[in-house]
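**Q** no FASTA, just this:
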């Protein structure tokens, strides 16, 4: 019984020791490897499952164009704002009826780039019945936001 316990303990220690791949010294030279890293198991740039617990880069934020942000809030001012996140560039609104319109809409705006360009803006509209709005209507809202953003940029005077 004692030999079986010792043998089990040795197997357990060997298994745990085999899990680690970090070495304290330089990688050993292997003559059989042609072109490339002599020791492919020792790669500092490789990501592992434990990288998700690394708190050194937890404060990553996305830059948002302030003119697009202000223009989106200005153009969609008839919609009640449900949530805003200036760090990720997302504006979510509730249902509202545009001036002179009969249908109610809700919008989700995502500003994903600090540039004042059309590719930095993504607008999703939804009607009160839960149906998607026509692409022409969505495009018109995007154009209105981009035009207003350009007006705000010109009025700022930092050209």
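**A** That came in fine, so what should we check first? Since the model is a prediction, treat every value here as computed from it, not as a measurement. Residues are numbered from 1 along each chain as shown.
**Q** show the average pLDDT along stretch 129-147.
**A** On average, the pLDDT along stretch 129-147 is 90.
**Q** what sits against residue 85?
**A** residue 91 (CB atoms under 8 Å, 6 or more residues apart in numbering). The C-beta positions use only the backbone N, C-alpha and C, and glycine is treated the same way.
**Q** 7 Å instead?
**A** For residue 85, the contact set (CB atoms under 7 Å, 6 or more residues apart in numbering) is empty.
**Q** same check, this time on residue 111
**A** If you count contacts by CB under 7 Å, 6+ apart, residue 111 has them with 64-65, 68-69, 72, 89, 120-121.
**Q** quick check: closest non-adjacent residue to it.
**A** Closest residue in space to residue 111, ignoring its immediate chain neighbours: residue 89 at 3.8 Å, by CB to CB, 6 or more residues apart in numbering.
**Q** quick check: pLDDT value at that neighbour.
**A** For residue 89, the predicted pLDDT is 89.
**Q** give the contact list for it.
**A** For residue 89, the contact set (CB under 7 Å, 6+ apart) comprises 62, 64, 110-112.
**Q** residue 11: which of the residues you listed is nearest?
**A** residue 62 (49.2 Å; CB to CB).
**Q** can you show me the strands along this structure?
**A** Remark: strands assigned in the chain by DSSP state E are 81-85, 90-93, 105-111, 121-127.
**Q** circling back to that earlier point, just the contacts of residue 111: which are in helices?
**A** Judged by DSSP state H, helices contain the following of the contacts of residue 111: 68-69, 72.
**Q** between those, which is closest to residue 127?
**A** Closest to residue 127, out of all of those and judged by CB to CB, is residue 72, at 19.1 Å.
**Q** list the contacts of the closest one.
**A** Counting by CB under 7 Å, 6+ apart, residue 72 has contacts 91, 109, 111, 145.
**Q** one more: residue 146?
**A** Contacts for residue 146 (CB under 7 Å, 6+ apart) come out as 118, 121.
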